[in-house]
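J.: my questions are about this predicted structure, shown below with the sequence.
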Amino acid sequence: MNRHRASLLRRMGFVLEATVVIPLGNLAALLPWKTGRTLASMIGLFIFRLNTSGRKHAHVNLDIIYGENALSEKEKDHIIKRLFMNIASSLFEYMKLKSITDSNYLNFVYIQNGEACDRALEEGKGVLAISAHMGNWEILGSVGAILWKNIAAVINRQLNPYTDKWLRKVRENRGRIKCLYHDARGLNYRIGFHLKQNGTIGLLADQRDLSCTLIVPFFGMPSLTADGAAKLHLLYGSPIVICFAVKQTDGKYLLTYDGPHHFDRSGNLKKDCEVIMTWVNSKYEEMIRKHPDQWFSLLTPRWERNRPEDFKNRLWR
């Protein structure tokens, strides 16, 4: 948001929020990992009780995800409760990114098939690292920056410009990841330049993108799907690597890498994007079914306004 266009009252609210959130976040970064995770989980349980809207969306989404193999209300509540705890823990871990270094990162993660990224980079066309709002994608990116260096991520701008600036610094300084705003001017040029330098672009494509009108299946439902990853692959020929960071029972994260993957161009851009993003969604489905309590988008209205008729007056672009 452009803070110069915000009302005075709203700007005052942004300042108040920042004066509370930023010191608390910096204070959290000083806590030991075990203590911070425990406190964060307790906070997550508290928010679980209060956030009725998120729980409602999650119940609907779980019915879609599991379809005929419907979960009981008790099973769904258990998943959602675990999800809130995981979200709170991930926020704490975000503040602690600086403590993950070149020499100790294996204390925090396991790595499965990291060679996929090595093979992708050997092609010299950059890499499209596609992940989801699952587990802890910030640790995925931070460790990736340690191992493969030149990593940038396309991110959304926060509503509050003060906390947005602070969170960006955390991601860039502590996590070593270059941030590219989704709505920034010259974004396509910056992405292209980064890929031509054989850099890696991190993309999260599991949420609705109301700026696109590509509709492909997701858990058997027609779903509004972001198509940026597909377009970049078709334009630059950059190989795709599917990657996730999934929390394990010991608190460490399993980083998995699948690729490199390539898709042929048929000459029909829309059709090619449909093929690629349907395939990406199938990768999401596989992981989400295994770990629904780690998919943060479960709390969002993922399948609302996904029908073609909702966009009958808009052109695919």
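T.: Great, that's in hand. Bear in mind the structure is a predicted one, so any value in this text is a computation, not a measurement. Numbers count the residues shown, from 1 in each chain.

J.: in space, not sequence, find me the middle residue of the chain.
T.: Ranked by distance to the mean C-alpha position of the chain (Cα atoms, centre = their mean), the top residue is His133 at 3.3 Å.

J.: strands along the stretch 151-300 of the chain, start to end?
T.: If DSSP state E, counting those that start in this stretch is used as the criterion, the strands of the stretch 151-300 of the chain fall at 151-155, 178-181, 200-204, 215-218, 221-224, 240-247, 253-261.

J.: looking at those strands, which is nearest to Glu304?
T.: With respect to Glu304, and counting by Cβ to Cβ, the nearest of the strands of the stretch 151-300 of the chain is strand 221-224 at 9.1 Å. Using the backbone N, CA and C atoms, a C-beta is placed for each residue, glycine as well.

J.: wait, Cys117 touches Tyr257, no?
T.: Yes. Judged on Cβ atoms under 8 Å, Cys117 makes contact with Tyr257 at a distance of 5.7 Å.

J.: so what's in contact with these two at the same time?
T.: Taking Cβ atoms under 8 Å, 6 or more residues apart in numbering as the contact criterion, the common neighbours of Cys117 and Tyr257 are Val241, Cys243.

J.: do you know how far Ala120 is from Leu50?
T.: Computed as Cβ to Cβ, to the nearest Å, the Ala120 to Leu50 distance reads 43 Å.

J.: higher neighbour count, these two?
T.: Higher neighbour count among Ala120 and Leu50: Ala120, with 26 against 10, using other Cβ atoms under 10 Å.

J.: tell me the contacts of that one?
T.: For Ala120, the set of contacting residues under the criterion of Cβ under 8 Å, 6+ apart consists of Val127, Pro239, Val241, Gly259, Pro260.

J.: can I get those in JSON lines with distance to Asn26 and neighbour count?
T.: Putting these into JSON lines (distance: Cβ to Cβ, whole Å; neighbours: other Cβ atoms under 10 Å) gives the following:
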{"residue": "Val127", "distance to Asn26": "33", "neighbour count": "28"}
{"residue": "Pro239", "distance to Asn26": "38", "neighbour count": "23"}
{"residue": "Val241", "distance to Asn26": "33", "neighbour count": "24"}
{"residue": "Gly259", "distance to Asn26": "37", "neighbour count": "20"}
{"residue": "Pro260", "distance to Asn26": "39", "neighbour count": "21"}
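
J.: next, format the residues you listed as CSV and append distance to Arg157.
T.: CSV is the format used below for those (distance: Cβ to Cβ, whole Å):
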residue, distance to Arg157
Val127, 24
Pro239, 28
Val241, 26
Gly259, 29
Pro260, 30
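
J.: of those residues, the lowest pLDDT goes to which?
T.: Minimum pLDDT across these is recorded for Gly259, with 93.

J.: isn't Met95 up against Ala28?
T.: Yes. Contact between Met95 and Ala28 holds when scored by Cβ under 8 Å: they sit 4.7 Å apart.

J.: now for these two: what residues contact both?
T.: Common neighbours of Met95 and Ala28 (criterion: Cβ under 8 Å, 6+ apart): Gly36.

J.: those two: who's more crowded?
T.: Neighbours were tallied for Met95 and for Ala28 using other Cβ under 10 Å; the higher tally belongs to Met95 (22 against 18).

J.: what's the closest non-adjacent residue to the more buried one?
T.: Spatial nearest neighbour of Met95, excluding adjacent residues (Cβ to Cβ, 6 or more residues apart in numbering): Ala29 at 4.1 Å.

J.: so the one you found sits against Lys98, correct?
T.: Yes. Applying Cβ under 8 Å as the test, Ala29 and Lys98 come out as touching, 7.2 Å apart.

J.: for the stretch 151-300 of the chain, just list every one of the helices.
T.: The residue ranges that make up the helices of the stretch 151-300 of the chain, judged by DSSP state H, counting those that start in this stretch, are 161-169, 187-196, 228-236, 269-290.
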